[in-house]
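**Student:** Show me how the following folds:
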Amino acid sequence: MKRVIVAGCLLSFAGVVQASECVVLLHGLIRSSTAMNKMQRELDDAGFLTANIDYPSREYTIEELADMAVPAGLKECRSHENVERIHFVTHSLGGILVRQYLSTNEIPELGRVVMLGPPNQGSMAADDMGGVPGFEWLNGPAGRQLGKGDDSLPLKLGPANFEVGIIAGNRTIDPITSAVLDNPDDGRVSVEDTKLEGMTDFIVVEHSHAFMMRMRRPIELTIHFLKNGNFELSDE
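**Tutor:** Numbering: from 1, shown residues only. Next up is the predicted model:
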């Protein structure tokens, strides 16, 4: 796998693949592109071109991150002459970056978007933990914007006007954070707060926020949605 620096972001992508569809992968807060490596490999095997973007999630606001990460992915996908559609697969904050970017920009080749564990209605965990010493250092400016209060950026963004499937988790490995969230939750965001007006499809999986993007079923659901526009796997 080749890795390239583009506009200050580390870009990961597979070798030459004969495909007309490319997927931009965006990781979540305090993570890196390695968190999306398994998803990327499975997408590669399914016939998609992929651009796995590494962006400095702790250093900038959501607006700044969106203008950094999304164009980097678009640039790589567009470097393949035969690409006709560009999809997005995101985890947590990554989904908010896509919403923010689309609120001020158009993507002519935009295909489908899959969001895993997105705080589309903000997260009470960000509000509750915001006063804890070290929160700003650990989560950066973007972390402050992911709550449900007056500074919530997700709540300022409009409904989806694009095809988007949302995968929410209902298992947690963090009982302390879960104590401030409405049940069920994934340890970082409640199931209800992942929902977005205008979403195309929605499904709940029995996984936690931190690991859902690496698990078999969410990956299968993601690929199915990108190909078919729904989460209706034949085994359901």
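**Student:** ok but Thr172 is inside a helix, no?
**Tutor:** No. Looking at Thr172 with DSSP: H, G, I helix; E, B strand; the rest coil, it is coil, so not inside a helix.
**Student:** can you tell me how far it sits from Met213?
**Tutor:** 16 Å (C-beta to C-beta, to the nearest Å). C-beta: built from backbone N, CA, C; applies to glycine.
**Student:** Specify which residue of the two has the higher count of neighbours.
**Tutor:** Each of Thr172 and Met213 has its neighbours counted (other C-beta atoms under 10 Å); Met213 has more, 30 against 21.
**Student:** Isn't that one up against Met39?
**Tutor:** Yes. With contact defined as C-beta atoms under 8 Å, Met213 counts as touching Met39 (5.4 Å).
**Student:** shared neighbours of the two, anything?
**Tutor:** Listed as contacting both Met213 and Met39 by C-beta atoms under 8 Å, 6 or more residues apart in numbering are Ile219.
**Student:** Show me where this protein has its strands.
**Tutor:** 2-6, 9-13, 21-26, 49-54, 85-91, 110-116, 163-169, 201-205 (DSSP state E).
**Student:** The residue nearest the centre of the chain and Gly187, how far apart?
**Tutor:** In the chain, the C-alpha nearest the mean C-alpha coordinate belongs to Thr90, at 2.0 Å (C-alpha atoms, centre = their mean). Taking C-beta to C-beta as the measure, Thr90 falls 18 Å from Gly187.
**Student:** mean pLDDT for the strands of the chain: which is lowest?
**Tutor:** The weakest mean pLDDT among those belongs to strand 2-6, with a mean of 39.
**Student:** State which helix of this structure is the longest.
**Tutor:** helix 62-78 (DSSP state H).
**Student:** so how far is that one off the chain centroid?
**Tutor:** The chain centre lies 13 Å from the centre of helix 62-78; the measure is C-alpha atoms, centre = their mean, to the nearest Å.
**Student:** ok, and for it, which residues are buried?
**Tutor:** Applying a neighbour-count criterion of 16 or more other C-beta atoms under 10 Å, one finds 62-74, 76-77 buried in helix 62-78.
**Student:** Ok, stretch 37-56 next?
**Tutor:** 37, 39-40, 42-44, 46, 48-56.
**Student:** Just the C-alpha atoms of it, please, in CSV.
**Tutor:** The C-alpha trace of stretch 37-56 is given here as CSV (Å, rounded to 0.1, in the frame of the first residue of the first chain):
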residue,chain,number,x,y,z
ASN,A,37,-7.3,0.2,7.7
LYS,A,38,-9.5,-3.0,8.0
MET,A,39,-12.5,-1.2,6.4
GLN,A,40,-10.2,0.0,3.7
ARG,A,41,-8.9,-3.5,2.9
GLU,A,42,-12.4,-4.8,2.7
LEU,A,43,-13.5,-2.0,0.4
ASP,A,44,-10.5,-2.7,-1.8
ASP,A,45,-11.4,-6.3,-2.0
ALA,A,46,-15.0,-5.3,-2.9
GLY,A,47,-13.7,-3.5,-6.0
PHE,A,48,-13.6,0.1,-4.8
LEU,A,49,-10.7,2.5,-5.1
THR,A,50,-10.0,4.0,-1.6
ALA,A,51,-8.4,7.1,-0.1
ASN,A,52,-7.9,6.7,3.7
ILE,A,53,-7.2,10.2,5.0
ASP,A,54,-5.2,11.0,8.1
TYR,A,55,-6.0,14.4,9.5
PRO,A,56,-5.0,16.2,12.8
